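Peer 1: Generate coordinates for the sequence data below:
(one chain, ligands or ions: 2)
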Amino acid sequence: MHPSSDPPALPTAELHVHVEGTLEPELALDLARRNGVRLRHPDLASLRRAYSFADLPSFLDLYYELTAVLREPQDFTDLAEAYLARAAAQAVRHAEVFVDPQAHTSRGVPLEVVLDGLAEAFGTAEERHGLSARVIVSFLRDRDPREADALVPRLRPWHGLVIGVGLDSAEVGFPPEPFARAYALAADEGLHRVAHAGEEGPPAYVTGALDALGVERVDHGIRSLEDPSLVARLREEQVPLTVCPLSNVALRAVPDLAVHPLARMLDAGLRVSVNSDDPAYFGGYLHDNTAAVSRALGLTAAQRRQLAEDGFRASFLPDADKARHLAAVAAADAG
Ligand code: HPA
Ligand SMILES: [Zn+2]
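Peer 2: Numbers count the residues shown, from 1 in each chain. Ligands and ions are numbered 1, 2, ... in the order given. Take a look at the predicted model:
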C-alpha cells in the first residue's frame, strides 16, 4: 500500500477514532442485506461516490445515514472486530474508541445492543489482535444536553470497558458549556473526559472545553493556533491534542496536507498525536495518516517517534502499561 521508502510503522496508541467511522462501505452493504435495511446507495459504486464532503455537517449526513444498518449486537461486534484487525495491521497497540450511543438509541436501538456488541469484540482484543481496546462514550453536541446528563449513570454496567466521555457531532453553533453538568456527573463516576473542539469551531470552544468541561485531552484542536494565548496555555499545561490529518483534508478544515498545522503544533511545543478519526470515510487508518502527513510535511524520524510516544503518554492507560509501550516504541525506533 505504501511506497517502499515510507518509514516502518512504530507502535501507536489510537486516541481518536469513531467506531461508526470505521464502517467500510462493503460491510455497510453486507449489514444492510443481513438486516433488510434499504439504503439510498444500493451498490458499492454508488455508495463510494457519496464519500465526498464539503465540511463536517455534510460528512455527518452520510455517517448517521449509514448507522441504520447497525441493529443487532452482532453488527456492533462485527464492526469493532473489523476495526481491530485493520488497526492491529497498522501497529496500533492500544485504542480508546468513541461510540455515539444517541445515534443508535434515537432510532430505537437499545444502549445494551451497542455496548454489549462492542464488549464482545473489545473484551478479547488483546489475545486475538495484540491490541487493548476501550470505549469513550461521546455525547452528540447538536442534541439536548439533558440527554447527555441522563446517559451518564446508565453507563455504570459497562465501566471498565467504558473509560470516559467525549463530545462530538456538528460543532459550529454548539459550544461546550451546556454540557458542563454531564461532564461533572461523568467525573463523579470516575470517568475520563475529552471533547472535540477547534475542528471547525473557534478557539473559544477549546477554552470552553478546558474550563467548563474539565477535559484531559482535546480532540482536533487545530484552530487553537489562531489564539496565541491559548497556544501558550496548551503548551504550559501540556494538554494532549488528538490530530487527524486525513480527516481535516477530507472535511476541508485544511486545504492540503502540505499546509497541515501539525508541523506548527509540533514547533509550538504542543503535545500532539496522529489519529484516524473516521478511517472508512477519510482514506486511511492510523499509520496511513502518519505516513501521509510525514511525507507531506517532511517530518523527521525524531518527530515521528515523539508523536508515537506522546500518543501513549496521552492515553488513559495505567503508568506501567505506558512504560511498556514506550519501551516498545524505543525498540522499534532503534530498528
Ligand atoms: O470528525 C468528527 N467531528 C465531529 N464529530 C464526529 N463524529 C464522527 N466524526 C466526527
Ligand atoms: Zn472525531
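Peer 1: contacting residues for whatever residue of the chain ends up closest to ligand 1?
Peer 2: Nearest to ligand 1 in the chain, going by Cβ to the nearest ligand atom, is D168, at a distance of 3.5 Å. (C-beta placed from N, C-alpha, C; glycine too.) Neighbouring residues of D168 by Cβ atoms under 8 Å, 6 or more residues apart in numbering: 18, 98, 100, 138-141, 196, 219.
Peer 1: from the residues you listed, which would you call buried?
Peer 2: 18, 98, 100, 138-141, 196, 219 (16 or more other Cβ atoms under 10 Å).
Peer 1: Could you dump these into TSV with secondary structure and distance to ligand 1 added?
Peer 2: Shown next, in TSV, are these (DSSP: H, G, I helix; E, B strand; the rest coil; distance: Cβ to the nearest ligand atom, whole Å):
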residue	secondary structure	distance to ligand 1
H18	strand	4
F98	strand	7
D100	coil	7
S138	strand	7
F139	strand	11
L140	strand	8
R141	coil	8
H196	strand	5
D219	strand	8
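Peer 1: Can you tell me which of those residues is closest to A330?
Peer 2: D219 (26.8 Å; Cβ to Cβ).
Peer 1: interface residues of the stretch 151-300 of the chain facing ligand 1?
Peer 2: Residues of the stretch 151-300 of the chain lying near ligand 1 by Cβ under 6 Å from any ligand atom: 168-169, 196, 199, 247, 277-278.
Peer 1: Only the buried residues of stretch 88-108, if you could.
Peer 2: Residues 88, 90-105 are the ones in stretch 88-108 that count as buried (16+ other Cβ under 10 Å).
Peer 1: quick one on the thing from earlier: restricted to helices, list the residues of the stretch 151-300 of the chain next to ligand 1.
Peer 2: Those of those mapping onto helices are S247, per DSSP state H.
Peer 1: Switch the residues of the stretch 151-300 of the chain next to ligand 1 over to TSV; also include pLDDT.
Peer 2: Shown next, in TSV, are those (pLDDT from 0 to 100):
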residue	pLDDT
D168	98
S169	98
H196	99
E199	98
S247	98
D277	98
D278	98
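Peer 1: sorry, back to before: bridging across strands, which residues link to the residue of the chain closest to ligand 1?
Peer 2: As for beta bridges, D168 partners with L140 under DSSP bridges.
Peer 1: Next one: it relative to E236, how far apart?
Peer 2: Going from D168 to E236 by Cβ to Cβ, to the nearest Å gives 27 Å.
Peer 1: Then V218?
Peer 2: Distance, V218 to E236, by Cβ to Cβ: 14 Å.
Peer 1: Who has more neighbours out of those two?
Peer 2: It is V218, of V218 and E236, that has more neighbours when counted by other Cβ atoms under 10 Å, with 26 against 9.
Peer 1: May I have the secondary structure class of that one?
Peer 2: Classification of V218 by DSSP: H, G, I helix; E, B strand; the rest coil places it in strand.
Peer 1: Could you double-check that it lies in contact with E199?
Peer 2: No - V218 is beyond contact range of E199, at 9.7 Å (criterion: Cβ atoms under 8 Å).
Peer 1: contacting residues around A150?
Peer 2: Neighbouring residues of A150 by Cβ under 8 Å, 6+ apart: there are none.
Peer 1: Next, it: phi, psi?
Peer 2: When read as degrees, to the nearest 10, the backbone of A150 gives phi -70, psi -30.
Peer 1: R71 too?
Peer 2: Main-chain dihedrals, R71, degrees, to the nearest 10: phi -130, psi -40.
Peer 1: And for the one 5 residues further on?
Peer 2: Recorded main-chain torsions at F76 are phi -70, psi -40, according to degrees, to the nearest 10.
Peer 1: likewise H16?
Peer 2: Per-residue torsions, H16: phi -150, psi 90 (degrees, to the nearest 10).
Peer 1: Am I right that it is in contact with V97?
Peer 2: No - under the criterion of Cβ under 8 Å, H16 lies out of contact with V97, with a separation of 9.2 Å.
Peer 1: What helix or strand is T242 located in?
Peer 2: Element membership for T242 (DSSP states H and E) is strand 240-243.
Peer 1: Run through who's touching that strand.
Peer 2: Against strand 240-243 from outside (Cβ under 8 Å, 6+ apart): 15-16, 194, 216-222, 224, 234, 261-262, 265, 270-275, 310, 313-314.
Peer 1: quick one: which of the residues you listed sit in strands?
Peer 2: Among the contacts of strand 240-243, the members falling in strands are 15-16, 194, 217-220, 271-274 (criterion: DSSP state E).
Peer 1: quick one: which of those has the most company?
Peer 2: Greatest neighbour count in the ones in strands among the contacts of strand 240-243, by other Cβ under 10 Å, goes to H16: 31 neighbours.
Peer 1: Restricting to C-alpha, output stretch 110-118 in PDB.
Peer 2: Provided in PDB are the C-alpha atoms of stretch 110-118 (Å, rounded to 0.1, in the frame of the first residue of the first chain):
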ATOM      1  CA  PRO A 110     -31.000   0.000  22.900                       C
ATOM      2  CA  LEU A 111     -27.900   1.000  24.600                       C
ATOM      3  CA  GLU A 112     -27.300  -2.700  25.600                       C
ATOM      4  CA  VAL A 113     -27.200  -3.700  22.000                       C
ATOM      5  CA  VAL A 114     -24.500  -1.200  21.300                       C
ATOM      6  CA  LEU A 115     -22.200  -1.700  24.300                       C
ATOM      7  CA  ASP A 116     -22.700  -5.500  24.700                       C
ATOM      8  CA  GLY A 117     -21.900  -5.800  21.000                       C
ATOM      9  CA  LEU A 118     -18.700  -3.800  21.300                       C
END
